[in-house]
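*Asks:* can you look at this prediction? I've put the sequence above it.
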Amino acid sequence: MSKKIHYYYDPEDCSFKEVRTSPLAFVRKLSSHLFFSACFAAVGLYAYLYLFDDPKMAMLRNENKGLVGKIDENLLKISRLESSLDQLHQKDNEFYRALLNREPISSGVWNGGVGGSADYQSSTEPINLQEAEKRIKLLEHKIQRQDASYSELFKEVSKNEERLTHIPAIKPVPGRIVSTYGKRKHPIFKVVKMHYGLDFQARIGTPVYATGDGVVVKAGKSYGGYGYQIEIDHGFGFTTKYAHLKKNGVKVKKGQKVKRGDVIALSGNTGLSKGPHLHYEIIKDGHKIDPIDYFYANMSPQQIVQLRKEAEAVKDNESMD
């Protein structure tokens with residue numbers, strides 16, 4: 001095949017002359033063709049990958065999105081578990097271990113000596129998956145530490161069994177808490193004053209239980225706003241008070257010995273009271289303290305956590321007395 005020869009018309013000498021292409025011009029022309037070809041190829045590849053998604057890639061993307069959502073959902077569950085476990089740890093340190101004269105668990109031991117996330121920073125895994133793995137590992141450590149603490153305390157309980165039966169440790173009535181320990185608005189006087197106990201929801205005639213072994217030191221009508229009341233001396237520095245009892249509902253006498261769980265009265269609405277309920281106090285070494293920390297003998301850790309949540313929800317309520 002003969003090579004095609006191209007001509008152009010030269011108006012100066014009115015003749016046709018052969019077109020001669022220089023190597024540089026040829027290279028420029030070839031480069032231009034290659035550039036535009038590459039642009040078209042890139043546009044085509046983008047359209048294939050993003051505008052016309054491959055079914056397999058689309059499925060993988062949706063699957064990945066679902067997994068990320070599951071991880072986030074599990075992180076939320078982990079947060080709830082962490083909160084509940086830390087509440088148990090706090091109660092263990094501030095109450096159980098103090099009660100049994102055991103040293104509290106230090107923050108460093110509780111947190112496993114974790115000082116950062118250096119082990120995870122070089123990982124190629126998504127950050128939320130790294131966080132979930134790290135927090136689960138710490139949760140496992142805390143659960144093991146709390147389990148060991150309870151085992152230690154149970155051994156101490158057997159050594160202090162007599163003392164522990166005298167310490168107030170159950171709810172005096174089964175009803176829910178309607179007002180907590182702290183400064184509250186008085187329902188009668190309409191002023192803010194210190195409320196030195198817990199108010200329990202209780203219909204008139206609800207059985208009231210002694211919360212620990214002891215001796216009754218007061219039983220009958222009072223003149224300080226408490227209506228009919230009972231006081232029990234439990235020894236070891238503890239006294240409990242049960243107020244606003246039903247008239248003729250006091251079941252014990254001064255000087256009588258009682259056991260934890262004995263029915264000592266029926267709840268009522270006597271004295272300065274907004275409505276039927278039981279007012280309950282604990283006095284330790286002459287000081288009135290928050291009874292919320294002393295319900296442990298007949299409650300599981302989960303029930304204790306739930307009770308504290310319920311008490312927190314009503315902490316700003318007006319008191320019942």
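*Replies:* That came through fine.
*Asks:* so, low pLDDT: which residues of this protein?
*Replies:* Scanning the chain for pLDDT under 70 picks out 1-54, 57-58, 95, 98-101, 113-127, 158.
*Asks:* 90 instead, please
*Replies:* Regions of the chain meeting the criterion pLDDT under 90 cover residues 1-165, 175, 178-180, 182-195, 222-225, 272-275, 293-321.
*Asks:* can you show me the helices along the chain?
*Replies:* For the chain, applying DSSP state H gives helices covering 23-46, 55-91, 97-99, 107-110, 118-121, 127-159, 161-166, 301-313.
*Asks:* for those helices, give me CSV that also has distance to residue 254.
*Replies:* Glycine gets a C-beta too; all of them are placed from N, C-alpha and C. Below are these laid out as CSV (distance: least, Cβ to Cβ, whole Å):
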stretch, distance to residue 254
helix 23-46, 92
helix 55-91, 34
helix 97-99, 28
helix 107-110, 46
helix 118-121, 65
helix 127-159, 31
helix 161-166, 18
helix 301-313, 32
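*Asks:* closest to residue 291 out of those?
*Replies:* Counting by Cβ to Cβ, residue 291 lies closest to helix 301-313 out of the helices of the chain; the figure is 9.9 Å.
*Asks:* what angle separates the closest one from helix 127-159?
*Replies:* 110 degrees (axes from the mean of the first three to the mean of the last three Cα atoms, to 10 degrees).
*Asks:* which helices and strands sit right next to helix 301-313?
*Replies:* The elements that helix 301-313 packs onto, with contact taken as 3 or more Cβ pairs under 8 Å, 6 or more residues apart in numbering; DSSP states H and E, are helix 55-91, strand 177-179.
*Asks:* that helix: which residues count as buried?
*Replies:* 301, 304-305, 307-308, 311 (16 or more other Cβ atoms under 10 Å).
*Asks:* and the helices of the chain, which is most packed in?
*Replies:* Highest mean neighbour count among the helices of the chain (mean count of other Cβ atoms under 10 Å): helix 97-99, with a mean of 17.
*Asks:* now the buried residues of helix 301-313 in TSV, with distance to residue 244?
*Replies:* Below are these laid out as TSV (distance: Cβ to Cβ, whole Å):
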residue	distance to residue 244
301	31
304	26
305	28
307	21
308	24
311	19
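*Asks:* from the residues you listed, pick the one nearest residue 194.
*Replies:* Among these, residue 311 lies closest to residue 194 (Cβ to Cβ), at 16.6 Å.
*Asks:* any idea how far residue 202 is from the closest one?
*Replies:* Distance of residue 311 to residue 202, given as Cβ to Cβ, to the nearest Å: 16 Å.
*Asks:* repeat for residue 213
*Replies:* For residue 213, the distance to residue 202 equals 23 Å [Cβ to Cβ].
*Asks:* for the two, work out which one has more neighbours and name it.
*Replies:* Neighbour comparison, residue 213 and residue 202: the larger count goes to residue 202, with 25 against 21 (by other Cβ atoms under 10 Å).
*Asks:* contacting residues for the residue nearest to the more buried one when sequence neighbours are not counted?
*Replies:* Residue nearest to residue 202 in three dimensions, not counting chain neighbours: residue 267, with 4.0 Å by Cβ to Cβ, 6 or more residues apart in numbering. Neighbouring residues of residue 267 by Cβ atoms under 8 Å, 6 or more residues apart in numbering: 173, 202-208, 244-246, 249, 276-278.
*Asks:* residue 205 too?
*Replies:* By Cβ under 8 Å, 6+ apart, the residues touching residue 205 are 246, 249, 266-268.
*Asks:* distance of the residue nearest the centre of the chain from residue 149?
*Replies:* Centroid-nearest residue in the chain, with Cα atoms, centre = their mean: residue 83, separated by 2.9 Å. Per Cβ to Cβ, residue 83 is found 18 Å from residue 149.
*Asks:* could you point out the longest strand in the protein?
*Replies:* strand 238-250 (DSSP state E).
*Asks:* ok so, going back, closest to residue 197 out of the helices of the chain?
*Replies:* Using Cβ to Cβ as the measure, helix 301-313 is the one of the helices of the chain that comes nearest residue 197, at 12.1 Å.
*Asks:* hang on, residue 266 packs against residue 252?
*Replies:* No. Taking contacts as Cβ atoms under 8 Å, residue 266 lies outside contact range of residue 252: 11.7 Å.
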